[in-house]
Each structure stands twice: as C-alpha cells, then as structure tokens.
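*Asks:* Whatever this is, show me its structure:
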Amino acid sequence: MSLHPVLTRTVLCLGFLGSVEGGSGGRPVLAQGGAIQSSYHAIADSLIRAATGDSAAYRRLGVLVDTFGHRLSGSASLEAAIDWILSSMRMDGLERVRGEPVMVPRWVRGEESAHLVKPRAAPLEMLGLGGSVGTPRQGITAPVLVVTSFDDLDRRAAEARGKIVLFDVPFTEYTATRRYRSEGPSAAARVGAVACLIRSVASSTIRSPHTGVLQYDSTVTKVPAAALSVEDAMMLHRFQERGEPVVVTLRMSARTWPDAPSRNVVAELIGRERPEEVVVLGGHIDSWDVGQGAMDDGGGVVAAWEALNVMRRLGLRPRRTVRVVLWTNEENGGRGAREYHNAHAAERHVLAMESDNGVFNPRGFTFAGSDSAAAVIRQVAALLEPLGATGVKRVAESPAADITPLVNDGVPGMELDTDGTRYFWYHHSDGDTLDKLDPAEMARCVAAMAVMAYVIADLPDPLPGPGW
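*Replies:* Next up is the predicted model:
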C-alpha cells in the first residue's frame with residue numbers, strides 16, 4: 001500500500017538516521033538528544049489524529065460484547081467471537097490473519113447459590129471461583145468461621161474443622177488481596193474446612209460478587225470455593241463478632257470437563273525491510289462468564305486490533321512486522337500465552353506489548369527491559385504528550401500475564417498504563433459491561449499503542465533485547 005502523501009517525506013528521511021554505540025553491552029541504539037521526537041513527530045501526530053478522530057474502536061467493541069457476551073475458555077461464545085474477529089480482520093485488509101490452535105481448560109459454573117441459615121434466613125450474593133469443584137447435590141450446610149488473614153486462620157485452625165471458612169480480607173492492592181482467592185481454598189482445606197468463602201476481591205461494590213481463578217494444592221482435598229459480595233462477607237463477620245453463630249448452605253454444581261480446542265488470533269502488518277523481526281501487541285480474548293468482558297479484556301483486544309488498522313489506513317508500513325495477538329485462556333490457565341511462545345520461540349521479537357488494565361485514560365506504559373531499551377522507550381513515549389501518556393514506569397518482572405513467557409526469555413515487555421481508579425469496581429463481575437468505558441478514552445489508548453508499536457517497529461536500530 002502506498003504511503004499517505006503527508007507522511008511520505010518524513011518516512012523516507014528516517015532511512016538516513018544513523019546509530020551510535022550505547023546502552024548495555026555496547027548494543028546500538030538510536031542516537032539520543034531528540035532524534036526520535038524530531039524524526040517521528042509528524043507520523044505520531046497523524047496516528048494520534050486518526051485514532052482519536054472517531055469512536056470506531058468503541059463501536060467495534062460494542063458489536064463484539066453485545067453480540068457474543070462473555071467468552072469463557074471452552075465456551076461456544078468464545079469460539080463464535082473468534083470466528084467473527086478473524087472474518088472482520090480479513091475484511092479490514094490485515095495480513096496473514098489466522099487462528100493458531102490452543103487446547104484450553106473447560107470449567108462450567110452450573111447452578112449455584114449461598115443462603116444464610118442462622119442467625120436468620122436470607123440469600124447471599126455469591127459467585128463460584130473459577131476451577132472450583134462442586135458441592136454434593138444437597139449442598140453443604142455448615143457453621144462459618146470468619147478469619148481475617150492466613151495468620152488468623154493458623155491461630156484458629158482448631159476451630160475450622162467441619163466448618164466453612166470465610167476470609168474477610170479488605171482490598172488493598174490486587175496482587176496481595178487475590179492471594180486469598182487463589183490460595184484460600186487449599187489453606188482452608190488444610191485445617192479441615194469443608195468449603196471456603198472469600199470476600200470478593202473488589203475495591204468498591206454494590207453487593208455484586210467478583211469471581212476469579214483459584215489454585216488448588218494437589219496435596220490437600222479440593223473443597224468448593226466461592227466469593228461473597230463485600231457487603232455479605234462483612235455482615236457475616238459482624239454476626240461472629242457479636243457472638244451469634246453463623247450457618248450457611250452452599251450449593252454449587254461446578255464441573256471441569258476435558259480440555260477443549262480454542263485459538264490465539266493473529267494478524268500482521270508485514271515489515272517492509274526486516275519482516276522477520278516482530279513487534280507484538282495485543283490483549284486476551286477470553287473473559288470470565290459474567291458481565292460482557294468489555295473492560296477485561298475486550299477493550300484491550302480491540303484497542304490493539306484498531307492500532308494496527310490505523311497504521312494500515314494511513315498507509316504506514318514500518319521496517320519490522322507489527323503483529324497483533326489476541327491470546328486465549330488468560331483468565332484460567334494461560335495456555336494461549338504458552339502456546340504462542342512455543343510456536344514462535346525461534347522468531348526475533350523486538351518488543352511485546354499488552355493492554356489488560358481496561359482502556360481507561362492512558363497515562364503511559366509499564367516497562368520491563370534493559371536501561372538502554374528504557375531510554376529508547378522514554379523517547380518514544382515523549383511523542384505521546386498530546387495524549388498525556390508520556391509516563392514510563394520500570395518494573396523488574398513482566399508487566400502483563402500473556403507476554404510473560406516472552407519477557408522471561410529477555411524480550412522487552414510493556415503494558416499500557418491506564419487510570420485504574422475504577423478497574424476493580426467491575427473486574428470479574430456482572431458489572432464489566434460496555435457502558436463502563438468511555439469512547440474518547442478508548443480512542444486515546446488506541447493512539448498510544450499505535451504510536452509506540454509503529455515507532456519501535458520502524459527504528460533504524462532494534463530495541464536492545466536478547467541477542468541484539
């Protein structure tokens with residue numbers, strides 16, 4: 001495709017940029033002192049204008065989530081959504097569009113409920129945790145022991161046998177608080193509990209429970225596990241503090257079936273000079289089986305997809321290949337990330353980027369990589385000043401789940417950093433629907449990803465990484 005005439009002269013002149021030795025290990029990096037800003041300013045502005053000029057990304061996300069709803073791994077809705085995306089990408093004119101096979105776990109929630117029996121009869125708002133076993137058909141009716149931490153459970157271990165353990169742990173930050181979701185059921189089983197409940201991992205709530213995956217310890221019995229709404233967990237805790245015995249009936253018909261076939265979605269804009277070198281950007285196409293998966297992670301999926309479309313519409317073809325990957329099974333297995341890594345391990349990945357924090361207002365990127373690579377990333381991020389997205393936060397480990405296998409190999413990795421104020425209000429709940437997102441904010445996310453991916457893919461020298 002021919003270049004947009006406004007951009008032609010700027011793109012051609014980039015071929016004359018030289019490089020200098022710098023960074024760690026003497027690897028070449030683009031000359032410092034504003035070379036990236038001056039050389040790519042016009043292209044970055046054009047990408048930003050094109051991405052923010054309408055609400056195309058938001059409208060496309062609306063079609064995805066309204067048509068197919070949630071997209072749990074192993075479900076018919078996920079596979080139908082993937083079929084539609086592949087067809088739409090081909091209609092867009094993207095290159096080498098394909099679905100790459102992945103076998104994924106298939107967990108089915110089934111019917112479920114929780115009811116307070118004592119000190120009064122009342123329904124409780126609950127969601128089974130992903131991967132949980134079910135209860136007997138008649139359910140489990142047992143006294144509840146409320147604890148506030150793993151240490152508290154250890155102190156009260158003698159009281160836990162034969163009871164339902166409830167972890168009432170307030171949200172602080174996600175990594176710390178989700179341990180009670182992932183590790184709590186086995187911790188409860190280890191001290192003889194018959195089931196486990198957790199206070200939903202949520203920073204705000206309107207009595208809406210939040211699900212998520214658990215991780216059973218193979219050395220202890222698997223017990224049924226569910227999340228209660230924050231309000232219901234706090235109520236049961238208050239009963240216990242008043243000395244009133246709490247009894248709950250938990251019913252869950254959850255079941256894990258044999259693995260099912262799914263796919264990673266892949267589409268490309270093939271590089272004009274070094275097509276074998278690849279910049280990857282994407283999100284995860286699967287979601288939990290509640291809400292629409294609009295925020296987590298339909299928005300990230302469509303933002304990455306539209307970032308590639310913006311380049312294509314402007315006639316931009318960078319030196320290296322830009323590849324969009326929509327990973328499957330991020331939520332309850334990570335199989336898509338591992339299969340992508342295994343299938344493409346021999347390729348030369350320059351950068352791996354993911355958006356999985358909700359397409360709220362972008363603030364910049366979280367980056368894992370060498371000092372010399374970070375210096376280049378900061379220069380590129382400066383081009384995002386019109387979006388207010390110039391921040392670059394360094395982290396020591398992979399900033400996003402699906403790019404972790406690549407980052408562990410030494411590939412520089414980044415995640416779009418957005419204003420996460422509202423993210424854990426709706427995360428993994430029925431509230432994760434399209435209306436929680438703003439069309440203009442989503443368009444700015446598209447723009448930020450498009451500029452970062454294009455410039456890194458087009459630089460005369462590759463971003464310093466493994467083997468460069």
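*Asks:* contacts and neighbour counts: CA atoms only from here.
*Replies:* Will do.
*Asks:* Excluding sequence neighbours, find me the nearest residue to Gly299.
*Replies:* Val359 (5.7 Å; CA to CA, 6 or more residues apart in numbering).
*Asks:* Now for the one you found, how many residues are close by?
*Replies:* Val359 has 35 neighbours, counted by other CA atoms under 10 Å.
*Asks:* my guess is Val230 meets Ser200, correct?
*Replies:* Yes - if you go by CA atoms under 8 Å, Val230 and Ser200 touch, sitting 5.7 Å apart.
*Asks:* hey, what's in contact with both of the two?
*Replies:* Common contacts of Val230 and Ser200 (CA atoms under 8 Å, 6 or more residues apart in numbering): Pro209.
*Asks:* which of the two has more neighbours?
*Replies:* Counted by other CA under 10 Å, Val230 and Ser200 do not tie: Ser200 has more neighbours, with 35 against 27.
*Asks:* need the contact list for that one.
*Replies:* With CA under 8 Å, 6+ apart, Ser200 has these contacts: 209-211, 227-230.
*Asks:* In terms of helices and strands, where is the residue nearest to Ala114 when sequence neighbours are not counted?
*Replies:* The shortest distance from Ala114 to any non-neighbouring residue, by CA to CA, 6+ apart, is to Leu250 (4.6 Å). Using DSSP states H and E, Leu250 maps to strand 247-252.
*Asks:* circling back to that earlier point, ok, and the most crowded of the contacts of Ser200?
*Replies:* Compared across the contacts of Ser200, His210 has the highest neighbour count, 31 neighbours, by other CA under 10 Å.
*Asks:* how about that one, what does it touch?
*Replies:* For His210, the contact set (CA under 8 Å, 6+ apart) comprises 127, 200-202, 227-229, 426-430.
*Asks:* remind me which residues of the protein are low pLDDT?
*Replies:* For the chain, applying pLDDT under 70 flags the ranges 1-34, 466-468.
*Asks:* And the residue nearest to Ala114, how far from Phe365?
*Replies:* Counting by CA to CA, to the nearest Å, the gap from Leu250 to Phe365 is 42 Å.
*Asks:* Could you do Glu397 as well?
*Replies:* Computed as CA to CA, the Glu397 to Phe365 distance reads 14 Å.
*Asks:* swap in Arg199?
*Replies:* For Arg199, the distance to Phe365 (CA to CA) stands at 31 Å.
*Asks:* show me where the stretch 151-300 of the chain has helices.
*Replies:* 157-160, 174-177, 179-182, 184-190, 230-241, 299-313 (DSSP state H, counting those that start in this stretch).
*Asks:* among those, which is nearest Asp66?
*Replies:* For Asp66, the closest of these is helix 299-313, at 12.8 Å, according to CA to CA.
*Asks:* So which elements touch that closest one?
*Replies:* Contacting helix 299-313 under the criterion 3 or more CA pairs under 8 Å, 6 or more residues apart in numbering; DSSP states H and E are the following elements: helix 35-52, helix 56-68, strand 255-269, strand 274-284, strand 320-327, helix 439-458.
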